[in-house]
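Asks: sequence plus the predicted model coming up.
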Amino acid sequence: MKFRQQAELAGFRTIYVDFLLSTTPLEVSRRIEEAYGEALKGPLGSLFDKMRRSWRGRVKAAPGGVGGELEYAGGGDTMQRLADLLDLPRKVFEASGERTVVVFDEFQDFLRAEGNLDGLLRSKIQFHRDAASYIFSGSEQSLLEEYFNTRDKPLFDQARPIYLEPLADAALGDYIADRFAGGGKEAGDALDLLLDLVRGHPQRAMLLAHHLWECTPLNGVADAQTFDRAMKQVDRETKERFEASWQSAATTGNKRRVLKALALSDETLFNQRTLQAFSLNKGQAQSGASGLIRDGEVVRIGGQPVLVDPLLERWIRIHDGDASTIAQ
């Protein structure tokens, strides 16, 4: 949000689209359309409305005959709609002279959606040099690197990577404390426990703060017991995901041993003591880490592989030795 505010103060029009869980071109189109519908007002809003009227479709009455929606028939119409939407920054620039900053969040779901949409996107943005700048953001680093760094992919060399550091404890702690105070609650001693666990991971900080808030009574102060109650809710919410991650790593013993090494060892993965403790040689550790990086479970920081999710690390520590769950 801070970036968007700064961009708008600098005279840019900003569009933010979240593609999380989008699986079809129609859903992708709806996300983009909603974002532009919120951002384009006045004369540009009229331009947008005119474009929407040009889409071939049929009006579908809502239940009871109140309201309605435009229903798109056939894949061709949907793809034309998406093509028009992706080209909107150029039309905005031609009509107003304003440059647009387009933020595509959870972009990996756009790439996974049906229809090979990366080719369609490339066919549009290659002509947007003066009209728009793009930020492609996602939680799966390996997939984004594959699409932007592989020569035979349409988006090859269309973006340069910017890797974000974990959030600073001080800023994150102040933000959470302020949100609690604004709602008549205090984060209390539980805040330090939260910060120690999430290690600056944005989504995990949000998840824990949500459950901590839910477990803290109005006008109450969150303490260690409140944090424990919140963590029980977090564990229930993440259990299936972590079990699935562990099972997916079963295709190679190297992945599982590397996961355990990263979660349990106090040394780096390639330290000789770590390798010996988890029955790995350097080649096995390298192949396991590379596979986990492709899976999005691990990133390299300072040249060393590190688990992305601090809650997965905690889950492995809790279940270490439980043969039914975490056997090698």
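Replies: Received it, and whenever you're ready, just let me know what you need.

Asks: report the residue ranges of every domain in the chain.
Replies: Taking automatic domain parsing as the reference, the chain has its domains at 2-149, 169-243, 252-326.

Asks: for Leu155, find the nearest of these.
Replies: Leu155 sits nearest to domain 2-149 of all the domains of the chain, at 5.1 Å, using Cβ to Cβ. (C-beta placed from N, C-alpha, C; glycine too.)

Asks: what's the spacing between the closest one and its chain's center?
Replies: Distance of domain 2-149 from the chain centroid (Cα atoms, centre = their mean, to the nearest Å) equals 17 Å.

Asks: give me the mean pLDDT for it.
Replies: The pLDDT scores in domain 2-149 average 84.

Asks: circling back: can the domains of the chain go into JSON lines with extra columns for mean neighbour count and distance to Arg160?
Replies: Below are the domains of the chain laid out as JSON lines (neighbours: other Cβ atoms under 10 Å; distance: least, Cβ to Cβ, whole Å):
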{"stretch": "domain 2-149", "mean neighbour count": "16", "distance to Arg160": "8"}
{"stretch": "domain 169-243", "mean neighbour count": "16", "distance to Arg160": "22"}
{"stretch": "domain 252-326", "mean neighbour count": "17", "distance to Arg160": "17"}
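
Asks: can I get those domains in a markdown table including distance to Asp157?
Replies: Below are these laid out as a markdown table (distance: least, Cβ to Cβ, whole Å):
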| stretch | distance to Asp157 |
| --- | --- |
| domain 2-149 | 7 |
| domain 169-243 | 28 |
| domain 252-326 | 20 |
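
Asks: so which of those domains comes closest to Pro161?
Replies: Evaluated over these, closeness to Pro161 peaks at domain 2-149, with 7.1 Å, by Cβ to Cβ.

Asks: quick one, helices of the stretch 1-150 of the chain?
Replies: Secondary structure of the stretch 1-150 of the chain (DSSP state H, counting those that start in this stretch): helices at 2-9, 25-39, 42-54, 74-86, 88-96, 107-112, 117-125, 141-149.

Asks: any idea which of those helices gets closest to Gln276?
Replies: Per Cβ to Cβ, nearest to Gln276 of those: helix 141-149, 28.3 Å.

Asks: now do that closest one and helix 117-125, the angle between them.
Replies: For helix 141-149 against helix 117-125, the angle by axes from the mean of the first three to the mean of the last three Cα atoms, to 10 degrees is 50 degrees.

Asks: mind listing residues that contact helix 141-149?
Replies: The contact list for helix 141-149 (Cβ atoms under 8 Å, 6 or more residues apart in numbering) reads 107-108, 111-112, 118, 136, 138, 153, 155-159, 161, 163, 293-296, 299.

Asks: rerun at 6 Å
Replies: For helix 141-149, contacts defined as Cβ atoms under 6 Å, 6 or more residues apart in numbering pick out Gln108, Leu111, Gly138, Lys153, Leu155, Ala159, Ile293, Arg294, Gly296, Val299.

Asks: before we move on, what about stretch 204-213?
Replies: Residues contacting stretch 204-213 (Cβ under 6 Å, 6+ apart): Leu172, Ile176, Ala190, Leu194, Val198, Ala222, Ala230, Gln233, Val234, Pro310, Leu311.

Asks: if we use 8 Å, what do you get?
Replies: Under Cβ under 8 Å, 6+ apart, the answer for stretch 204-213 is 167, 172, 176, 179-180, 183, 185, 187, 190, 194-195, 197-198, 222, 226-227, 230-231, 233-234, 237, 309-311.

Asks: helices - which of the residues you listed land there?
Replies: The helices, defined by DSSP state H, take in 172, 176, 179-180, 190, 194-195, 197-198, 226-227, 230-231, 233-234, 237, 310-311 from the contacts of stretch 204-213.

Asks: now the residue nearest to Ala159 when sequence neighbours are not counted: how far from Gln158?
Replies: Nearest non-adjacent residue to Ala159, counting by Cβ to Cβ, 6 or more residues apart in numbering: Phe148, 5.2 Å away. Counting by Cβ to Cβ, to the nearest Å, the gap from Phe148 to Gln158 is 6 Å.

Asks: returning to that earlier point: quick one: the contacts of helix 141-149 as CSV, columns for distance to Lys50 too.
Replies: Formatted as CSV, the contacts of helix 141-149 follow (distance: Cβ to Cβ, whole Å):
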residue, distance to Lys50
Gln108, 33
Leu111, 30
Gly138, 33
Lys153, 34
Leu155, 30
Ala159, 31
Ile293, 46
Arg294, 44
Gly296, 41
Val299, 45
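
Asks: strands - which of those land there?
Replies: Members of the contacts of helix 141-149 lying in strands (criterion: DSSP state E): Val299.

Asks: quick check: of the contacts of helix 141-149, which lies closest to Ala83?
Replies: The closest of these, once distances to Ala83 are taken by Cβ to Cβ, is Leu155, at 16.2 Å.

Asks: now do the contacts for the closest one.
Replies: For Leu155, the contacting residues are Asp118, Leu121, Arg122, Tyr147, Phe148, by Cβ under 8 Å, 6+ apart.

Asks: what's the pLDDT at it?
Replies: 95.
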